[in-house]
Structure formats: C-alpha cells, structure tokens
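K.L.:
Here's a sequence, model it:
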Amino acid sequence: MQLMDSNIVSGLNTLVSADKNLIQLVIFFADYSQYLISVVIIVLALRSKKWLTSAILAVFAACIARYGVKEFLVLFIHRPRPFMIPEEIQPLITTQLSGNYESFPSGHAIFFFALAMVIYINNKKWGIFFFVAALCMGVARVAAGVHYPTDIIGGALFGVCTGVGVVFLFNKFMLNKHHISHE
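P.N.:
This is a model prediction of the structure:
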C-alpha cells in the first residue's frame, strides 16, 4: 500500500510541477480553497435560522473531527509527510503543515469531510458541493506533495463518521429526536 501511495504522490507531483498553471491551481485548492468554503458556509448561515443551526453544527463537527479525533489518532500514528521521504517530491505548499509526522489522517480532509457530511445530511444539494470541494482540496494536497492518498481517504472516512455521529447526538439530545432539515 505504501508503494502505491508513494507512486501516486510522485506521479501527481511530477505532472503538476511541469506546468505553472497546474501548480497555481493545485496551490489554490490545497491551500486557499478552505477560505472560499468558509465564506460559502457563512453566507449560507446568514440565509435563515435553520441554515445557521446547520452551519454551526457543521463547524462544530469539523472542529471535533480535526481537534479531537485527528489529535487523538496522531498520538499513535506517526506517519511522515511524502516530501520527508528521500524521493523527488517537492512540496508545492509549506503553510499549515501542522507536524511533519502528522500526515495521517489529513487534518484538512477530516475537517472538511465532517463539515460536508453535516451539510449533506441537512441539504443534499449543498452537501454535494461541500463534498466536491473537500475532494478537490484532498487531491490537490496529494498533488502538492504534503499528503498520501490514504491520508485523504482516512481523513474523509473519519470526518464523515464524526459528522454522522455529531448529527445523531445533536438530534437525540438537543432536539428531542426532531431532525434539523432544510426545505
């Protein structure tokens, strides 16, 4: 699995590094799309009380995933980032790399997939948008040489599970079993 992971990172990184336009696109999705996603969630939150509740719950789930689940996992899993392995991988971004041995799971993936899952549960159309955005960010972070594909897949799985769990607990304990939903 590690060899396949390394080959995918190396192939994508080499492909992207050969084209200035692709480099800029990867940098945008890997490092800056999170700000665009944040603006979209804020705009949606301002639409109605239901959207505000959904947005707050989504951000809460994302924070639980990133600062609870991921931080717990990295106590036991010390996976180096792809650019740390003596290969020809050049990281295209250097900002927001929390720890050099905290590659699995991806903090960005776990955060944004948890957020996407909560939104999806409450509004399928917007949920798909957030899932696509999270996926684009994850692929870009692999191409940028800062994560392996399995880091993104793991982050996505843990994020989705955290999102489902937070919505379940919210519906059970905070809303007396009434589900939040959008029309």
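
K.L.:
any idea which element the residue lying closest to residue 81 once chain neighbours are set aside lies in?
P.N.:
Excluding its sequence neighbours, the residue lying closest to residue 81 (C-beta to C-beta, 6 or more residues apart in numbering) is residue 103, at 4.6 Å. Any C-beta I mention is one placed from the backbone N, CA and C, and that applies to glycine too. Per DSSP states H and E: residue 103 is located in neither a helix nor a strand.

K.L.:
what does residue 13 give?
P.N.:
Counting by DSSP H and E, residue 13 is part of helix 2-17.

K.L.:
Would you tell me what the next helix or strand after that helix is?
P.N.:
The first helix or strand that comes after helix 2-17 along the chain, using DSSP H and E, is helix 20-27.

K.L.:
Alpha carbons of that following helix, in CSV - could you do that?
P.N.:
Only the C-alpha atoms of helix 20-27 are listed here, as CSV (Å, rounded to 0.1, in the frame of the first residue of the first chain):
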residue,chain,number,x,y,z
LYS,A,20,2.9,26.7,-14.0
ASN,A,21,-0.9,26.9,-14.4
LEU,A,22,-1.4,23.5,-12.8
ILE,A,23,0.9,24.5,-9.9
GLN,A,24,-1.3,27.6,-9.3
LEU,A,25,-4.5,25.5,-9.5
VAL,A,26,-3.1,23.0,-7.0
ILE,A,27,-1.9,25.7,-4.7
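
K.L.:
ok, and for that helix, which residues are buried?
P.N.:
By neighbour count with 16 or more other C-beta atoms under 10 Å, helix 20-27 contains the buried residues 26, 27.

K.L.:
Pull the distance from that helix to the chain's centre.
P.N.:
Computed by C-alpha atoms, centre = their mean, to the nearest Å, the chain-centroid distance of helix 20-27 equals 19 Å.

K.L.:
Give me the residues contacting the helix holding residue 13.
P.N.:
Residues outside helix 2-17 that contact it (C-beta atoms under 8 Å, 6 or more residues apart in numbering) are 22-23, 26, 82, 85, 87-90, 92, 139, 142-145, 147-150.

K.L.:
Out of the residues you listed, which sit inside helices?
P.N.:
Among the contacts of helix 2-17, DSSP state H puts 22, 23, 26, 139, 142, 143, 149, 150 in helices.
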